[in-house]
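A.B. asks: Here's a sequence, model it:
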Amino acid sequence: MLGVPHPTNDPSLVSYHRPELIRQLPALELANNCWHLLDGTFADSSGHSRGVKEKYLPQEPAEPRGAYDSRLTRSTYTPIYRDSIRAYAGLLNRFQLVDTPASLLAAETDVDLQGESIQSFWNRCDEKALRDGGVFVMVDMTQDEGETNFFDEQNSDRRPYLIMVDRANVINWSIEYSSGREKVNHATIRQFRQRSIPGSFGVELDAIYHVLRPNLVETYRLEKRGREWVQIKEREVNTSIPVVPLVWYGSTDPHFAHGDLPLNALAELSIQHFQMRSDLQELLHKCAMPVPVRTGAKLGADGKPIPLILGPNTAVDLDAEGGKFEFAEPSGRSLERHQAEIQHLELLMDRSSLNFLYGANIKTATEASLRASQVASQVSSLTRNKVSSFTTVMRLWAAYSGEFDQVTPESGIAINDSLISRPLGASEIAQLVNLYSQGLLSKRTVLDELQRGGILDPDLKVEDEITRTDEDHEDQVDQMIDDETALQEAVPDSSGSQASNPAASGDPTDDLETPEKAQAAASRAQ
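C.D. replies: Residues are numbered from 1 along each chain as shown. Purely as a prediction, here's the structure:
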C-alpha cells in the first residue's frame with residue numbers, strides 16, 4: 001500500500017503486516033479512493049503511475065488511447081459515499097465534556113498542537129471510523145526541554161496532545177488478556193517522513209516505524225543491503241506511561257484493530273454507479289446525435305461518392321431511382337434501460353446510506369420505522385464505542401499531565417441518545433400540546449418528546465427550561481396582582497360616594513311625588 005517496497009510477510013522485520021490487516025487492505029483502498037472521489041494515482045503491474053479512474057474504468061480492447069482519455073474526462077463520480085459518511089459523523093458530533101481534567105479543558109481549542117478543536121478532531125475520527133471501520137487515537141506528550149525546577153516545569157507549556165492514526169498505518173501488534181481485560185503489549189505505527197532532495201525543490205517520502213511499548217517508544221527504518229532488508233534503530237525514548245498509549249475507536253467491534261467496514265457495500269455500489277453513468281454518457285455522446293444517411297449518392301470523377309455538405313443553403317442530389325436521404329436516430333431502448341438501471345442502483349445506495357430516513361423513497365410508516373431501527377442500532381453501537389474510547393483517551397491524558405485525581409467515574413463525554421429520531425410533524429406537535437392542555441401529560445414529558453423529535457435543540461437542558469418557565473409564570477402572577485391593586489386604588493369606593501351625595505345614589509324612589517314635595521313646590525310658586 002502507498003507504494004512502500006518494504007517486506008510485509010517477514011515477522012522478523014518491523015514492516016511485518018498482521019494477516020487481519022492484509023485481508024482488509026483492498027477494502028481500505030477502495031474506501032480511501034471513494035472518499036477522495038477517485039482523485040489520485042496508483043501504480044499498475046508494470047510500476048507506472050496511473051489515475052485512479054483508470055483502475056475502475058479500464059481501457060476497452062481496440063479502443064484508441066485518445067478516445068479512452070476523452071471517456072475518462074467525461075466520466076464523473078457522484079460523492080454519495082462521502083456525503084453519507086459525513087451525515088453519519090454529524091450525528092455524533094454533538095457532545096459535551098463531563099468532568100474532564102483542567103488541562104484538557106484548557107487545550108479544548110488546540111487538542112493536537114495543530115490548532116484543531118476537540119470537536120473537530122473527534123468529528124474527523126468519526127468519519128475515519130465509519131470509512132475504515134475504525135481509527136486509532138494516540139496520546140503523546142511534548143518533548144522535555146530540561147526543566148530543572150517545578151516552576152519552570154509548570155511554565156514550559158509542556159502538555160499532552162492527540163494524534164490520529166489511520167487503520168492502515170498500524171501494521172502489527174500483540175495482545176494479551178489478563179483477568180478478561182485486553183492489554184496491548186506492542187503496536188507498530190508506520191509513518192511517512194519527508195526528505196529533501198539535494199539540488200531540487202521536490203521531496204521524497206520515507207517510511208519509518210514507531211514501535212510503542214509500555215514506558216518505551218522505539219523508532220526504526222529499513223535499509224536494503226544487497227538482497228536483504230536490514231532494520232536500524234534510530235532512537236529510543238522512555239515514557240511515563242506503563243501502557244501503550246494507543247486507543248482503538250472501532251465502529252463495529254471494540255476489540256483492538258478488529259471490525260469490518262460498515263459502509264463497504266455503499267462504496268462498491270458507488271463504483272458500480274460510476275461505471276454505469278460512464279457507459280450512459282458514452283452512449284449519449286455517440287448515439288444521441290442523429291446520423292445522416294443517403295442511398296444512391298452520385299459518384300464523382302474519381303468514382304467515389306461526392307462529399308456530403310450539410311447547411312441551410314445546401315442541397316443533396318441523389319439518383320432518380322432508389323435515391324433516399326434521411327436522418328437515422330437510435331431507438332432509445334438501450335438508453336432507457338441504462339437510465340432505469342441507474343435509478344435502481346441509486347435506490348440501493350439510498351438504502352445503504354442515511355438518505356432513506358428523510359427521503360422520498362419511504363412508502364409506509366412501517367418501512368420507515370424498520371429501516372430507522374436498523375440504522376439506530378448501528379449508530380447506538382458506534383456511540384457506545386466512541387464514549388468508551390474517549391474515556392480511555394482522557395485517562396491517558398490525565399496520566400501524562402498528572403491529573404488522574406481529577407478523573408471521576410462520570411468523566412468523559414455525554415452524547416444525546418435521540419440523534420436519529422424522525423422529526424415530529426405539525427399534527428404530532430399539536431397532539432402533544434393538546435394532551436398537556438387536558439392535563440394528560442406533564443410539562444417535562446412534552447418537552448422531552450419535543451427534544452427527542454428534533455423540535456428543540458438537543459443541547460437544551462429540560463430541567464433549566466422548566467425552572468425558567470415556572471419563574472416566568474410567577475412573574476406574570478405577581479404582575480397581575482400588582483395591576484389589580486393599582487386599579488382598586490385609582491377607582492373610589494362606591495359606598496362612600498353614595499353617602500356623601502345621596503342624590504347621586506341612583507335610587508329610583510327619588511323620582512316619586514310625595515305630599516311634602518307638593519306642598520313645598522306650592523309655597524315656592526306663591
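
A.B. asks: phi, psi of residue 257?
C.D. replies: Dihedral angles of residue 257 (phi, psi; degrees, to the nearest 10) stand at phi 60, psi 20.

A.B. asks: ok, it - contacts?
C.D. replies: The neighbours of residue 257, taking C-beta atoms under 8 Å, 6 or more residues apart in numbering as the test, are 18, 20-21, 134, 167, 170, 173, 248. For every residue, glycine as well, the C-beta is placed using N, CA and C.

A.B. asks: quick one: which of these is most hemmed in?
C.D. replies: Using other C-beta atoms under 10 Å as the neighbour criterion, residue 134 leads the contacts of residue 257 with 30 neighbours.

A.B. asks: one step back: show only the entries of the contacts of residue 257 found in strands.
C.D. replies: Using DSSP state E, the subset of the contacts of residue 257 located in strands is 134, 170, 173, 248.

A.B. asks: What is the nearest of the residues you listed to residue 325?
C.D. replies: Closest approach to residue 325 among the ones in strands among the contacts of residue 257 (C-beta to C-beta): residue 134, at 66.1 Å.

A.B. asks: Would you agree that closest one is in contact with residue 254?
C.D. replies: No. Between residue 134 and residue 254 there is no contact under C-beta atoms under 8 Å: 9.2 Å.

A.B. asks: Need the residues touching each of these two.
C.D. replies: Residues touching both residue 134 and residue 254 (C-beta under 8 Å, 6+ apart): residue 248.

A.B. asks: sorry, back to before: how about CSV for the contacts of residue 257, with distance to residue 29 and pLDDT added?
C.D. replies: Converted to CSV, those look like this (distance: C-beta to C-beta, whole Å; pLDDT from 0 to 100):
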residue, distance to residue 29, pLDDT
18, 17, 95
20, 16, 93
21, 12, 94
134, 16, 94
167, 12, 96
170, 16, 96
173, 21, 96
248, 20, 96
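
A.B. asks: Save those residues as CSV, and put in distance to residue 58 too.
C.D. replies: As requested, those are exported to CSV (distance: C-beta to C-beta, whole Å):
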residue, distance to residue 58
18, 31
20, 30
21, 27
134, 31
167, 28
170, 32
173, 36
248, 37
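
A.B. asks: ok, the residues you listed vs residue 440, which is closest?
C.D. replies: Lowest distance from residue 440 to the contacts of residue 257 (C-beta to C-beta) belongs to residue 134, with 46.5 Å.

A.B. asks: Pull the number of nearby residues for the spatially closest residue to the closest one that is not a sequence neighbour.
C.D. replies: Sequence neighbours aside, residue 250 is the residue nearest to residue 134 in space, at 3.8 Å (criterion: C-beta to C-beta, 6 or more residues apart in numbering). Residues lying near residue 250 (other C-beta under 10 Å) number 26.

A.B. asks: Is residue 250 in contact with residue 128, as I believe?
C.D. replies: No. In this structure, residue 250 is not within contact of residue 128 by C-beta under 8 Å, at 10.8 Å.

A.B. asks: which regions of the stretch 101-250 of the chain lie under the pLDDT threshold?
C.D. replies: Under the criterion pLDDT under 70, the flagged ranges of the stretch 101-250 of the chain are 144-157.

A.B. asks: Helices of that one, start to end?
C.D. replies: 102-106, 118-132, 150-154 (DSSP state H, counting those that start in this stretch).

A.B. asks: got the contact list for the first one?
C.D. replies: Applying C-beta under 8 Å, 6+ apart, the set of residues contacting helix 102-106 from outside is 97, 111, 118, 159-160, 394, 397-398, 401, 403, 406.

A.B. asks: what do you get if the cut-off is 10 Å, keeping everything else the same?
C.D. replies: 97, 111, 118, 159-160, 162, 393-394, 397-398, 400-403, 406, 411 (C-beta atoms under 10 Å, 6 or more residues apart in numbering).

A.B. asks: I'd assumed residue 206 was in contact with residue 194.
C.D. replies: Yes. Taking C-beta atoms under 10 Å as the definition, residue 194 is a contact partner of residue 206 at 7.9 Å.

A.B. asks: which residues are in contact with both of residue 250 and residue 128?
C.D. replies: Both residue 250 and residue 128 are in contact with 134-136, 167, where contact means C-beta under 10 Å, 6+ apart.

A.B. asks: Secondary structure element holding the closest residue in space to residue 76 that isn't next to it in sequence?
C.D. replies: The shortest distance from residue 76 to any residue other than its chain neighbours is 7.0 Å, reached at residue 277 (C-beta to C-beta, 6+ apart). Taking DSSP states H and E as the criterion, the element that holds residue 277 is helix 264-287.

A.B. asks: Average pLDDT for that helix, rounded please.
C.D. replies: Helix 264-287 comes out with an average pLDDT of 86.

A.B. asks: Kindly report the same for stretch 291-302.
C.D. replies: Mean pLDDT, stretch 291-302: 73.

A.B. asks: residue boundaries of the strands in the stretch 301-450 of the chain?
C.D. replies: Assigned by DSSP state E, counting those that start in this stretch, the strands in the stretch 301-450 of the chain fall at 324-328, 412-415.

A.B. asks: Would you mind saying which of these lies nearest residue 427?
C.D. replies: Residue 427 lies closest to strand 412-415 among the strands of the stretch 301-450 of the chain, at 29.5 Å (C-beta to C-beta).

A.B. asks: Tell me the buried residues in that closest one?
C.D. replies: Within strand 412-415, the residues that qualify as buried by neighbour count (16 or more other C-beta atoms under 10 Å) are 412-413, 415.

A.B. asks: Can you tell me which member of the residues you listed has the lowest pLDDT score?
C.D. replies: Within the set of those, pLDDT is lowest for residue 415 (79).

A.B. asks: is it in a bridge, and if so with what?
C.D. replies: residue 95 (DSSP bridges).

A.B. asks: residues touching it, list them.
C.D. replies: 91-96, 380, 382-384, 386-387, 390, 458.

A.B. asks: one more time with 7 Å, if that's ok
C.D. replies: Contacts for residue 415 were tallied using C-beta atoms under 7 Å, 6 or more residues apart in numbering; they are 92, 95, 383, 387.

A.B. asks: and if you look at residue 197?
C.D. replies: Listed by C-beta under 7 Å, 6+ apart, the contact set of residue 197 reads 203-204.

A.B. asks: in the top strand by length along the chain, what counts as buried?
C.D. replies: Ranked by number of residues, the top strand in the chain under DSSP E is strand 181-196. Applying a neighbour-count criterion of 16+ other C-beta under 10 Å, one finds 184, 186-190 buried in strand 181-196.

A.B. asks: and these as TSV, adding distance to residue 296?
C.D. replies: As requested, those are exported to TSV (distance: C-beta to C-beta, whole Å):
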residue	distance to residue 296
184	83
186	84
187	80
188	78
189	76
190	72
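
A.B. asks: I'd like to know which of those residues is nearest to residue 29.
C.D. replies: The shortest approach to residue 29 among the buried residues of strand 181-196 belongs to residue 190, at 15.1 Å (C-beta to C-beta).

A.B. asks: Give me the distance between residue 252 and residue 88.
C.D. replies: From residue 252 across to residue 88, the span is 13 Å (C-beta to C-beta, to the nearest Å).

A.B. asks: Same check on residue 433?
C.D. replies: As judged by C-beta to C-beta, residue 433 and residue 88 stand 33 Å apart.

A.B. asks: The two - which one has more neighbours?
C.D. replies: Between residue 433 and residue 88, residue 88 has the larger neighbour count (other C-beta under 10 Å), namely 24 against 13.

A.B. asks: Show the average pLDDT along the helix or strand hosting the more buried one.
C.D. replies: Per DSSP H and E: residue 88 is located in helix 80-92. The average pLDDT for helix 80-92 rounds to 86.

A.B. asks: Would you mind pulling up the elements that that helix packs against?
C.D. replies: With contacts taken as 3 or more C-beta pairs under 7 Å, 6 or more residues apart in numbering; DSSP states H and E, helix 80-92 sits against helix 118-132, helix 264-287, helix 365-401.

A.B. asks: Tabulate those (a markdown table), appending distance to residue 210 and mean neighbour count.
C.D. replies: Shown next, in a markdown table, are these (distance: least, C-beta to C-beta, whole Å; neighbours: other C-beta atoms under 10 Å):
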| stretch | distance to residue 210 | mean neighbour count |
| --- | --- | --- |
| helix 118-132 | 19 | 21 |
| helix 264-287 | 29 | 17 |
| helix 365-401 | 16 | 17 |
